[in-house]
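**Q** fold the stuff below for me.
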Amino acid sequence: MKESIVASRYAKSLLGLAKEKGLLEEVSKDMLLLTQVTKSSAQFSRILKSPVVSHDKKKAILNALFKGKVGQLTTAFFDLLARKGREGYLPQIALEFDKQYKHLKGIQEAEVVSVTALNNEQKEKVKHLVNKISGKTSIELIEKIDRSLLGGFVLTVDDFQIDQSVKSKINSLKNKFKDNPYIAKY
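**A** The predicted model follows:
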């Protein structure tokens with residue numbers, strides 16, 4: 001089965017159970033912690049996916065890393081995945097859980113890339129634009145800096161992108177000048 005399908009199903013089950021038990025916020029924080037650990041340690045991800053490392057050893061590593069830092073439901077979830085040999089899916093499950101959690105809470109995630117950090121007024125304008133695009137009022141803005149844009153910004157909301165960067169406009173002009181009808185083509 002595809003990794004994304006497996007991750008989606010486990011995330012959906014965990015989300016439903018957490019909601020039912022009133023632990024949705026706690027489990028969400030636990031999944032964010034797991035994502036942070038995964039991003040900060042490539043070795044951790046490799047160990048989880050390794051067929052050479054036993055499931056018991058992976059379970060012990062998870063317990064050592066997260067004991068006292070995550071809730072009882074999350075610990076039980078880790079144990080379940082280790083028993084079923086699915087601990088390698090944990091990083092993807094955590095990402096999918098966050099995605100489903102935000103959908104449930106009506107939070108729209110948007111990424112804005114600019115040359116410099118945005119000030120508060122610019123952030124509000126971007127959030128207003130995201131609100132018009134998505135219709136959601138709760139917006140989580142992820143800011144990134146890319147000096148190669150030269151100016152302007154690139155806004156990504158789900159599969160929709162607005163590229164108002166100077167770099168993009170220069171590239172567009174370059175392409176227009178390539179097709180100059182006044183220059184003879186040999």
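**Q** could you use CA atoms for every contact and neighbour count after this?
**A** Noted.
**Q** export whichever strand or helix holds residue 48 to PDB, keeping only CA atoms.
**A** Here residue 48 sits within helix 42-49, counting by DSSP states H and E. What follows is helix 42-49, C-alpha atoms only, in PDB (Å, rounded to 0.1, in the frame of the first residue of the first chain):
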ATOM      1  CA  ALA A  42      17.700  12.300   9.600                       C
ATOM      2  CA  GLN A  43      19.200   9.400  11.500                       C
ATOM      3  CA  PHE A  44      16.000   9.000  13.500                       C
ATOM      4  CA  SER A  45      13.900   8.700  10.300                       C
ATOM      5  CA  ARG A  46      16.400   6.200   8.900                       C
ATOM      6  CA  ILE A  47      16.200   4.000  12.000                       C
ATOM      7  CA  LEU A  48      12.400   4.000  11.900                       C
ATOM      8  CA  LYS A  49      12.400   2.900   8.300                       C
END
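**Q** in it, what's buried?
**A** 44, 45, 47, 48, 49 (16 or more other CA atoms under 10 Å).
**Q** how is the protein carved up into domains?
**A** Following automatic domain parsing, the chain resolves into domains at 3-103, 106-178.
**Q** let me see the mean pLDDT of the helix holding residue 48.
**A** Computed over helix 42-49, the mean pLDDT rounds to 90.
**Q** which is the next helix or strand following it?
**A** Toward the C-terminus from helix 42-49 - assigned by DSSP H and E - lies helix 55-66.
**Q** and the helix or strand containing residue 132, what's buried?
**A** Assigned by DSSP H and E, residue 132 belongs to helix 120-134. Across helix 120-134, burial judged by 16+ other CA under 10 Å covers 126, 127, 130, 131, 134.
**Q** list the pairing partners of the following helix or strand past it within its sheet, with orientation.
**A** The helix or strand immediately downstream of helix 120-134 is strand 138-145, counting by DSSP H and E. Next to strand 138-145 in the sheet, as set by DSSP bridges, lie strand 107-114 (parallel).
**Q** quick one: residues in contact with the partner strand.
**A** Identification of contacts with strand 107-114 by CA atoms under 8 Å, 6 or more residues apart in numbering yields 102, 130, 134, 136-147, 149, 151-158, 165.
**Q** now do the helix holding residue 132: which elements does it pack against?
**A** Packed against helix 120-134 by the contact rule (3 or more CA pairs under 8 Å, 6 or more residues apart in numbering; DSSP states H and E) you find strand 138-145, strand 153-157.
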